Each structure stands twice: as C-alpha cells, then as structure tokens.
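fold the following for me, if possible:
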Amino acid sequence: MFPVGLHTIDGRMSPQPTPASSPPHRCVVFSVAAQALALPVEAVRRFLPLPRLDRLPTAPQPIEGVFRYQGEIVPVLRLGMLLDLPTAPAGLYTPLILITWQGRPTALLVDRVHGDVAVAPDERVPSEPGLSFNGCAMGGFPDRVTGRGGTVTLLDPRRLLSEAESRLLDAFHAAEERRLAQWQEAAP
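I've put the predicted structure just below:
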C-alpha cells in the first residue's frame, strides 16, 4: 500500500502534484439594512437607478412595484423584507439589482451597491447560523469593500424566494401582463 499523497513516476515515489488552485469567484457586494450581502456576479444582469414604479394595490407586500424594461414587466422586490430585515422607504437614489428569476427579469431593491470583489476559495467561510436569511445564505467572506469590516454574507439567488413565494410572484406577473395587455388593446 502506498502512503496517501504519493504517486509513482518512473518507478520512484514522489509527492502528488498540488492541484491547480481554483480561480477566485467574483461577487457583487451591496448593503440592505446595514447588512453587507453579495450575489455571484454571474447572477447579476445589470444595476439600474430606481425608475418610476407602478404601484399596484393587489401586489404582495414584498413587491415595491413594477416597471417596463426592454419590453418586459419587471417586479421590484424589497430584498430587506424577503430577508426579514428592517426596511426603509425607497429614496430617489435607491439602486436596483436586475437579476433573472426563473427566466424573467426581476429587480431587487437594495440600499447601496458597493462593487464587485474576487473571493478566493480559501477565503470562504460558512454563513453565520443567525444570518441564514431564510435559508438563502450560502457562506461568507471577509468584507474588503464596504469599509465596515466583518463578513459579507453570500446569497444563493435561486433561494431568495420560497416555493410558495415563487408561485405567488408568477401569478402576480401573469396578472400584470394581462392587465397591461388590456390597456394596450384599448389605446387608440
């Protein structure tokens, strides 16, 4: 039996080569209710300034409103509310993070976008148990972007909504598409 970590080259025992280290993972860092959070950069389509939103009386409370972007209706979700964080009213300079949720554009209302950062695999740490954010936290890394220190919590964009919330958002989106289609049909 050979010791672990050794392999044979030309009949001699040598240490196994060190596997190439994984490249850093890029993340977009932002703040919601003074919490430093991040999404994988590949989950983010674009950053947008807060447009004029249509506020709908039938919208579930986490939906701040909707707007049209490149011909599609985009619901704006209050990320703080989804994560059970204190929320403040959206202001004039409130940014949106545009993502794709189940094939459709969806915007997340955040307090501030700090930028992106490369996170080496050895910098990743498990997420704090008290900061699971309804199960969508998938780890953390040292905060080098916000200037606050501490840890940035990395969120899994696929788990931002529960299955029930996802169905409600789909139903809301379909109803809004029908509603706007009726207005367009009535226009001269």
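
buried residues of the helix ranked longest in the chain, list them for me.
For the chain, the helix with the greatest residue count under DSSP state H is helix 163-186. Under the neighbour-count criterion of 16 or more other CB atoms under 10 Å, helix 163-186 has 169, 172, 173, 176 buried. (C-beta placed from N, C-alpha, C; glycine too.)

which two in the residues you listed are spaced the farthest apart?
169 and 176 (10.5 Å; CB to CB).

name the residues that touch the longest helix of the chain?
56, 58-60, 62-63, 66, 73, 75, 77, 82, 101-102, 104, 106, 161 (CB atoms under 8 Å, 6 or more residues apart in numbering).

taking those residues one by one, which sit in helices?
Those of the contacts of helix 163-186 lying in helices (DSSP H): residue 82.

report the buried members of the contacts of helix 163-186.
Of those, these count as buried by 16+ other CB under 10 Å: 59, 62, 63, 66, 73, 75, 77, 82, 101, 106, 161.

per-residue pLDDT of the fourth one, please?
If I follow you right, that is residue 66. Note on residue 66: pLDDT of 88.

what does residue 133 give?
78.

what sits against the nearest residue to it once chain neighbours are set aside?
Nearest non-adjacent residue to residue 133, counting by CB to CB, 6 or more residues apart in numbering: residue 83, 4.3 Å away. By CB under 8 Å, 6+ apart, the contact set of residue 83 is 32, 35, 37, 133, 134, 136.

CSV for these, including neighbour count?
Converted to CSV, the contacts of residue 83 look like this (neighbours: other CB atoms under 10 Å):
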residue, neighbour count
32, 24
35, 20
37, 28
133, 21
134, 13
136, 20
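
could you dump these to CSV with secondary structure and distance to residue 119?
Formatted as CSV, the contacts of residue 83 follow (DSSP: H, G, I helix; E, B strand; the rest coil; distance: CB to CB, whole Å):
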residue, secondary structure, distance to residue 119
32, strand, 19
35, strand, 17
37, strand, 13
133, coil, 18
134, coil, 22
136, coil, 17
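
can you tell me which of those is closest to residue 24?
residue 37 (18.5 Å).

can I assume that closest one is in contact with residue 151?
No: using CB atoms under 8 Å, residue 37 makes no contact with residue 151, being 10.4 Å away.

this protein: strands as residue ranges?
6-9, 12-15, 25-32, 35-40, 44-49, 63-69, 72-78, 95-101, 104-109, 112-119, 137-142, 151-155 (DSSP state E).

and those strands as TSV, adding distance to residue 165?
Formatted as TSV, these follow (distance: least, CB to CB, whole Å):
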stretch	distance to residue 165
strand 6-9	50
strand 12-15	51
strand 25-32	17
strand 35-40	17
strand 44-49	20
strand 63-69	10
strand 72-78	9
strand 95-101	10
strand 104-109	12
strand 112-119	24
strand 137-142	17
strand 151-155	15
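
before I go, just wanted to say thanks for your time.
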